[in-house]
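Asker: Sequence and predicted model, in that order:
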Amino acid sequence: MSGGHLLNTKEAAKFLGVSEASVRRWTDAGTLPCQRIGGRRERRFTKGHLLLFLKEGERPTVTFPVRRDLVMIEGMDVRVGSHFCNLYSNDEGRARLAIPFLKDGLESDQTCFLLATLGAQREMLRELEREGVDVKEAMERHQLIVASGFPGAKQALAYFEKAFNEALKSRPGHVRLVGDMTWGLQSMPSVKELMDFEMRLNLFAKRFPMVAICQYDVRRFNGVAILHVLKCHPDVFGYHFGRFLN
């Protein structure tokens with residue numbers, strides 16, 4: 001993108017959805033490329049480098065201290081800060097990863113978020129109850145927090161920024177997020193907007209002690225959309241990818 005419009009530090013921070021201090025820290029650490037211009041060596045950024053940074057999910061210092069243990073999914077120890085996709089083709093496939101993942105988190109006194117359409121919420125909460133989880137109590141304790149969707153990527157990330165901060169103040173440790181992404185077809189203006197949210201969630205996941213599983217019903221999303229889903233979730237390729245196909 002040489003010769004294209006260059007963004008200053010303030011514009012780059014707005015593009016990434018982070019503070020200017022974070023942008024300066026990542027450039028000083030060499031994890032976010034920038035150009036230096038003028039006698040004052042001011043930072044300038046290309047959108048191409050910023051987009052690549054979002055997609056690759058570089059690992060800046062997290063906002064909160066994190067216990068060094070790992071989260072288990074399907075018998076796999078996964079790193080905190082991971083952002084996975086689960087592709088499923090039936091209701092059993094939707095539950096196979098998500099329900100044990102949420103149950104384990106609740107039993108470990110971690111805050112769990114479920115983002116799904118109202119119909120999917122009801123089904124998944126019933127599944128949790130069948131597994132012996134007291135869903136009503138967990139919701140009353142604000143340990144299980146449920147949302148149904150947002151009109152855009154900016155609103156979704158603003159919600160989770162506030163919600164995760166509040167959750168970690170009251171219950172330090174890890175945060176788990178399951179998003180059944182069919183909600184995006186109802187709430188967001190386009191799949192492109194949904195993918196923008198997913199791409200930005202890669203970076204967001206590195207700022208908090210969280211693990212996220214974003215679930216996609218392949219009966220509802222076309223092949224091109226699924227290709228973009230895989231591009232937005234590179235973490236799945238670092239583990240047993242077949243475990244994320246249900």
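Answerer: Looks like it came in fine.

Asker: The protein: strands as residue ranges?
Answerer: With DSSP state E as the definition, the chain shows strands at residue ranges 35-37, 42-44, 71-73, 76-78, 83-88, 111-115, 144-147, 175-180, 210-217.

Asker: and the longest one with strand 175-180, angle?
Answerer: Okay, so that is strand 210-217. Relative orientation of strand 210-217 versus strand 175-180 (axes from the mean of the first three to the mean of the last three CA atoms, to 10 degrees): 10 degrees.

Asker: send the alpha carbons of strand 210-217 over as PDB?
Answerer: Presented in PDB, the C-alpha positions along strand 210-217 are these (Å, rounded to 0.1, in the frame of the first residue of the first chain):
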ATOM      1  CA  MET A 210     -10.600 -14.900  27.400                       C
ATOM      2  CA  VAL A 211     -11.300 -17.800  25.100                       C
ATOM      3  CA  ALA A 212     -14.000 -17.400  22.400                       C
ATOM      4  CA  ILE A 213     -15.900 -20.000  20.300                       C
ATOM      5  CA  CYS A 214     -17.800 -18.500  17.400                       C
ATOM      6  CA  GLN A 215     -20.300 -21.000  15.900                       C
ATOM      7  CA  TYR A 216     -21.500 -21.000  12.300                       C
ATOM      8  CA  ASP A 217     -24.400 -23.000  11.000                       C
END
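
Asker: Rebuild the strands of the chain as CSV, extending it with mean pLDDT.
Answerer: Output for these, formatted as CSV (pLDDT from 0 to 100):
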stretch, mean pLDDT
strand 35-37, 85
strand 42-44, 87
strand 71-73, 84
strand 76-78, 86
strand 83-88, 96
strand 111-115, 96
strand 144-147, 96
strand 175-180, 96
strand 210-217, 96
